[in-house]
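Colleague: Return atomic coordinates for the entry below.
(chains A and B)
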Amino acid sequence: MAGTALRRRLTWQLATAAAVTAETASVSTIALELPYWPGHRAGQHLDVRLTAEDGYRAERSYSIASAPGEAPAITVERLDDGEVSPYLTEELRVGNQIEVRGPIGGYFVWEERNDSSPLLLLAGGSGIVPLRSILRHRDRSGSTVPVRLLYSARSLPEVIYRAELDRHGPGVEVIYTLTRQRPPGWTGHAGRVDDTLLAEVAWPADRGPLAFACGPTPFVEAVATGLVRLGYPPGQVKTERFGATGGR
Amino acid sequence: MSPVTRGFHGRRREPAGAEGRVPPGQYVTDDFPVLSAGPTPRTPLEVWTFSIRQDGSTARSWSWEEMRALPAERVTADIHCVTRWSKLDTEWDAVSVDTLLGQVDHDARYVLAFCDGGYTTNLPLADVTGGQAWLAFGYGGQPLEPAHGGPARLLVPHLYFWKSAKWVRGLELLDTDQPGFWETYGYHDYGDPWREQRYAGD
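Modeller: As a prediction, the model looks like this:
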């Protein structure tokens, strides 16, 4: 643990929005240009700070969507009762500037030296964002570790990065489950992830898998508890949760 | 002085009664979000203990029933999570850490809280004594739920909430400061929300 320590001062920088890409009706990816970026690891996050004219400031954390070695990008879901996410998804234009600092976090991180463990990625909604960084990092680093991604989304149009996920390379399996709405003829999974689906998708515990789960608290609670029941050691199940409180 | 963000007006202002109670960079929520690094541990009360460790051995240990027999109090406190939410007037049922440490002879200067699931967090002794820290087993008049750290968690409301370790099983008494889990991953060693000590160097 101490070997991965990250203890240096994080200073705010003025980042420029280099590109804004709509991912779904309510989700956008913002590519950032920074004066200095020390590089990040797959799964880390960064902080954004916005300042109103009267000096009022709002700060939030966002998972980094890009792979290590790529310029930092964040993918933001618009929350109706939020104040930072509506700005980032609706107001921010290419060339606008926001304050950023990071990268932050060192536990919910995958590195190619963890390569001996098959990888199980579990995404609930916008919880896919840090897992996408992990998937891209696996590709870019030439790792051949087998990966299964189980992605729970409300509907197919709400799947983030769908085009990218659907053209995944060898060794990656992507399994969707749609909780609210299925397109006609949908033959994939439906409904929330339960123990049956988890047992079907999860690598057997005796293969020594490493799991990353990210999403809303009820999703993460369900899948993390389910994996422990399937014999995964708790230390091999890394989680990141968010509540629907405008915190993202 | 932060530069003004073009087009940002900000919607959230402190609710009535919150003036002066919300640290910089925080917003008030009525929800109780959850942040944990791994699966929620579930230790049966029959095997649960709370221990104070010193020099590598257990100086004092309480079973669940013994802990519940100690004098408890209703604590009302504002709590502040480093992920930016604050929650005001939360109500806890708890045993003061003063009561627990009062049963051990020591001259420690720091404690390291240890928990089910392997989580740890470090605190100066001066911050867990003098009526500032509790072992909390109830929330809102109900038993503390596992997702929120039940059966018992530390409650140190004057520091960022990661210091209020969930699923706590004891305190290790130390002469020197030793970083805990999040502190090793770049979070601030002390974590004062009023000085916005989120990350190392803040």
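Colleague: any low-confidence regions in chain A?
Modeller: Residues of chain A that meet the criterion pLDDT under 70 lie in A:1-8, A:243-248.
Colleague: Over to chain B?
Modeller: Low-confidence segments of chain B (pLDDT under 70): B:1, B:12-13.
Colleague: Spatially central residue in it, please.
Modeller: For chain B, B:Ser164 is the residue whose C-alpha lies nearest the centre (C-alpha atoms, centre = their mean; 0.9 Å).
Colleague: And the helices in the chain?
Modeller: No chain in the question, so chain A it is. Taking DSSP state H as the criterion, chain A carries its helices at A:84-86, A:128-140, A:162-166, A:195-201, A:217-229.
Colleague: Chain B was what I was after
Modeller: Using DSSP H, helices in chain B cover B:64-68, B:97-101, B:125-128, B:181-184.
Colleague: Could you list every helix and strand in contact with the third one?
Modeller: In this structure, helix B:125-128 packs against strand B:110-115, with contacts taken as 3 or more C-beta pairs under 8 Å, 6 or more residues apart in numbering or on different chains; DSSP states H and E. In short, each C-beta sits where N, CA and C put it, glycine included.
Colleague: try the second one
Modeller: If contacts are counted by 3+ C-beta pairs under 8 Å, 6+ apart, helix B:97-101 sits against strand B:49-54, strand B:134-139, strand B:168-174.
Colleague: Compare those and report which one is nearest to chain A.
Modeller: With C-beta to the nearest C-beta, the closest approach to chain A among the helices and strands packed on helix B:97-101 belongs to strand B:168-174: 14.5 Å.
Colleague: How many residues are close by B:Arg11?
Modeller: Using other C-beta atoms under 10 Å in any protein chain shown, the number of residues around B:Arg11 comes to 16.
Colleague: From what I see, it and A:Glu83 are in contact.
Modeller: Yes. Judged on C-beta atoms under 8 Å, B:Arg11 makes contact with A:Glu83 at a distance of 4.2 Å.
Colleague: circling back: looking at the helices of chain A, spot the one closest to A:Arg60.
Modeller: Shortest distance between A:Arg60 and those, using C-beta to C-beta, is found for helix A:84-86: 4.5 Å.
Colleague: got the buried residues for the closest one?
Modeller: Neighbour counts over helix A:84-86 (16 or more other C-beta atoms under 10 Å in any protein chain shown) mark A:84-86 as buried.
Colleague: Now for B:Gly17, how many residues are close by?
Modeller: Based on other C-beta under 10 Å, the number of other residues close to B:Gly17 is 10.
Colleague: same check, this time on A:Ala163
Modeller: When neighbours are counted by other C-beta under 10 Å, A:Ala163 registers 8.
Colleague: OK, contacts around it?
Modeller: Contacts for A:Ala163 (C-beta atoms under 8 Å, 6 or more residues apart in numbering or on different chains) come out as none.
Colleague: Show me what the nearest residue to A:Val94 once chain neighbours are set aside is bridged to.
Modeller: Leaving aside its sequence neighbours, A:Val94 sits nearest to A:Ala17 (C-beta to C-beta, 6 or more residues apart in numbering or on different chains; 5.4 Å). Taking DSSP bridges as the rule, A:Ala17 bridges to A:Leu32.
Colleague: and if you look at B:Glu91?
Modeller: Following DSSP bridges, B:Glu91 is listed with bridge partners B:Thr76.
Colleague: Distance of it relative to chain A?
Modeller: Distance of B:Glu91 to chain A, given as C-beta to the nearest C-beta, to the nearest Å: 19 Å.
Colleague: Give me the neighbour count for the nearest residue to A:Val27 once chain neighbours are set aside.
Modeller: In this structure, A:Val27 finds its nearest non-sequential neighbour in A:Glu77, 4.8 Å apart by C-beta to C-beta, 6+ apart. For A:Glu77, the neighbour count with other C-beta under 10 Å is 22.
Colleague: The one 4 residues further on too?
Modeller: A total of 11 residues lie near A:Asp81 under the criterion other C-beta under 10 Å.
Colleague: How about the contacts made by the nearest residue to A:Ile128 once chain neighbours are set aside?
Modeller: Excluding the flanking residues, the one nearest A:Ile128 by C-beta to C-beta, 6+ apart is A:Ile160, at 5.3 Å. Counting by C-beta under 8 Å, 6+ apart, A:Ile160 touches A:23-24, A:27, A:75, A:126, A:128-129, A:132, A:153.
Colleague: Take those and write them to CSV, including neighbour count.
Modeller: Below are those laid out as CSV (neighbours: other C-beta atoms under 10 Å in any protein chain shown):
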residue, neighbour count
A:Glu23, 23
A:Thr24, 19
A:Val27, 22
A:Thr75, 26
A:Ser126, 27
A:Ile128, 29
A:Val129, 29
A:Arg132, 25
A:Ala153, 23
